[in-house]
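J.: model the following, please.
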Amino acid sequence: MALVGLVFVFPIFWMISTSIRTTEAVFAVPPKLLAWPITFEPYTKALEWISFWRYFGNTLYIATLGSAGIAISSSLAAYGFARLKWPGRDLLFGITLATMMLPGAVYMIPLYLVWHRLGALGTFIPLWLPYWFGNAFSIFLITQMYRGIPFELSDAAKIDGCSEFQIWYRIMIPLARPVIVLAFLFHFTNVWKEFYAP
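T.: Reported below is the predicted structural model:
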């Protein structure tokens, strides 16, 4: 296992080792695993040439805001699918899951036109606001967790006078916190490496 692990770690090691070499050492033939002298000049030049900290802050802002929206809205929608009985619930849940099969090319132009008509192009709003209306994968993930929680807890809370919102907030969220955090992290990493939407 350690040998297999080294195969997967080697590209990261090579990337870091190359980033702290001089230009001559990078293009040396034959290539060397470690080259001297070590220099951190590429990092300082990168920080001078681009507004790295501003870009980092923008990405952090967008990823955090969108992920918070996913965690809250998907959790609330999942509660409705998993714990409440209403006509058409299973059909709407199936439609929600079916949206995961749509490739991005199908809705790329209509989505662009919607944001253009709303006057939000060139702003951060299209990058975080849609996620405050849920995400099919996160809704599915949290719904499965909610379905595993015994209904007796909800019934006991109703007897004590809790509304559905209070049951969701006071009972379901604390019990499903690991899955909600997982949905947050999945979305955060997806937004962090996203180049298509911007």
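J.: make it CA atoms for all contacts and neighbour counts henceforth
T.: OK.
J.: need the longest helix for the chain.
T.: Of all the segments assigned as helix in the chain under DSSP state H, the longest by residue count is helix 52-83.
J.: mind listing what's buried in the helix or strand of the chain with the lowest mean pLDDT?
T.: Here the helix or strand of the chain ranked lowest by mean pLDDT, DSSP states H and E is helix 23-26, holding a mean of 78. Of the residues in helix 23-26, those scored as buried under the neighbour-count criterion (16 or more other Cα atoms under 10 Å) are residue 25.
J.: next secondary structure element downstream of it?
T.: helix 41-49 (DSSP states H and E).
J.: okay, angle between that next one and helix 52-83 too, please.
T.: Direction vectors for helix 41-49 and helix 52-83, defined by axes from the mean of the first three to the mean of the last three Cα atoms, to 10 degrees, enclose an angle of 80 degrees.
J.: CA atoms of helix 41-49 as PDB?
T.: As requested, the backbone C-alpha atoms of helix 41-49 are provided in PDB (Å, rounded to 0.1, in the frame of the first residue of the first chain):
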ATOM      1  CA  GLU A  41      11.300  33.800  -6.100                       C
ATOM      2  CA  PRO A  42       8.500  32.300  -8.200                       C
ATOM      3  CA  TYR A  43       6.100  32.700  -5.300                       C
ATOM      4  CA  THR A  44       7.000  36.300  -4.600                       C
ATOM      5  CA  LYS A  45       6.800  37.100  -8.300                       C
ATOM      6  CA  ALA A  46       3.300  35.500  -8.500                       C
ATOM      7  CA  LEU A  47       2.100  37.600  -5.600                       C
ATOM      8  CA  GLU A  48       3.500  40.700  -7.300                       C
ATOM      9  CA  TRP A  49       2.000  40.000 -10.800                       C
END
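J.: who touches it?
T.: For helix 41-49, contacts defined as Cα atoms under 8 Å, 6 or more residues apart in numbering pick out 19-20, 52.
J.: mind redoing it with 10 Å?
T.: Residues outside helix 41-49 that contact it (Cα atoms under 10 Å, 6 or more residues apart in numbering) are 19-23, 52-53.
J.: do the same with stretch 82-99
T.: Residues from elsewhere that reach stretch 82-99, judged by Cα under 10 Å, 6+ apart: 77-78, 80-81, 134-137, 139-140, 142-149, 151, 154, 164, 168, 172.
J.: give me that answer again for 7 Å
T.: Residues outside stretch 82-99 that contact it (Cα atoms under 7 Å, 6 or more residues apart in numbering) are 81, 136, 143, 146-147.
J.: now for the residues you listed: which two are most distant?
T.: When these are compared pair by pair using Cα to Cα, the two farthest from each other are 136 and 147, 16.3 Å apart.
J.: returning to what we had before: just the buried positions in the helix or strand following the longest helix of the chain, please.
T.: Next helix or strand after helix 52-83 toward the C-terminus (DSSP H and E): helix 89-98. Within helix 89-98, the residues scored as buried using 16+ other Cα under 10 Å are 93, 96.
J.: helix 89-98 vs helix 52-83, what angle?
T.: Put simply, helix 89-98 runs at 150 degrees to helix 52-83, going by the same axes, to 10 degrees.
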